[in-house]
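Novice: the sequence isn't on hand, but the structure is:
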């Protein structure tokens, strides 16, 4: 009989929360697993390998959309890999833009830190005063930049 894993065993093996596995099932990245007589989810070796693939993509900060594309291509082994390259090239561009945004954020934080070179009371703190009077352009840049997540895209 082929090796199967209950959800808790698979979660422990791959060091992820059980809810993560359920989430990928709900999102359609993992197929609905077989069920045991006791109604436990049973994952075969193929599902374990698929989940490892998904987790590796997530560790590379790929979005669910990117992972779906890669899984579709992986599931069609006769497909050319040009589309795989295109998905990865696009992801590299996203990472490059986020790196630019992080560099801008770093510069802004250093400039903000320069407003308080000697500790004093919080009522005289240059950083707090600067944050209270931050220009709207700075707030707009922060909203569009580093803290946004592409996870669902």
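Specialist: Looks like it came in fine. This is a predicted model, so every value here is computed, not measured.

Novice: just the pLDDT for the most centrally placed residue in the chain.
Specialist: Centroid-nearest residue in the chain: residue 61, 4.2 Å away (criterion: Cα atoms, centre = their mean). pLDDT recorded at residue 61 is 95.

Novice: mind listing what it touches?
Specialist: 91, 95 (Cβ atoms under 8 Å, 6 or more residues apart in numbering). Heads up, the C-betas are built off the backbone N, CA and C, glycines and all.

Novice: could you measure from it over to residue 33?
Specialist: 26 Å (Cβ to Cβ, to the nearest Å).

Novice: helix or strand with the lowest mean pLDDT in this protein?
Specialist: The weakest-scoring helix or strand in the chain, judged by mean pLDDT, DSSP states H and E, is helix 136-144 (a mean of 54).

Novice: domain ranges for this protein, per the record?
Specialist: With automatic domain parsing as the criterion, the domains of the chain are listed as 4-62, 88-144.

Novice: what helix or strand is residue 8 located in?
Specialist: According to DSSP states H and E, residue 8 maps onto helix 7-14.

Novice: give me the pLDDT value at the residue nearest to residue 45 when sequence neighbours are not counted.
Specialist: Once flanking residues are discounted, residue 45 sits nearest to residue 3: 5.6 Å by Cβ to Cβ, 6 or more residues apart in numbering. In the predicted model, residue 3 carries a pLDDT score of 90.

Novice: what residue ranges in this structure score low on pLDDT?
Specialist: Along the chain, the model assigns pLDDT under 70 to residues 1, 134, 136-153.

Novice: please point out which parts of the lengthiest helix in it sit buried.
Specialist: The longest helix of the chain (DSSP state H) is helix 82-113. Residues of helix 82-113 classed as buried by neighbour count (16 or more other Cβ atoms under 10 Å): 87, 91, 101.

Novice: and the second one, how far from residue 128?
Specialist: When you say that, I think you mean residue 91. Residue 91 is 38 Å from residue 128, by Cβ to Cβ.

Novice: right, I'll leave it there.
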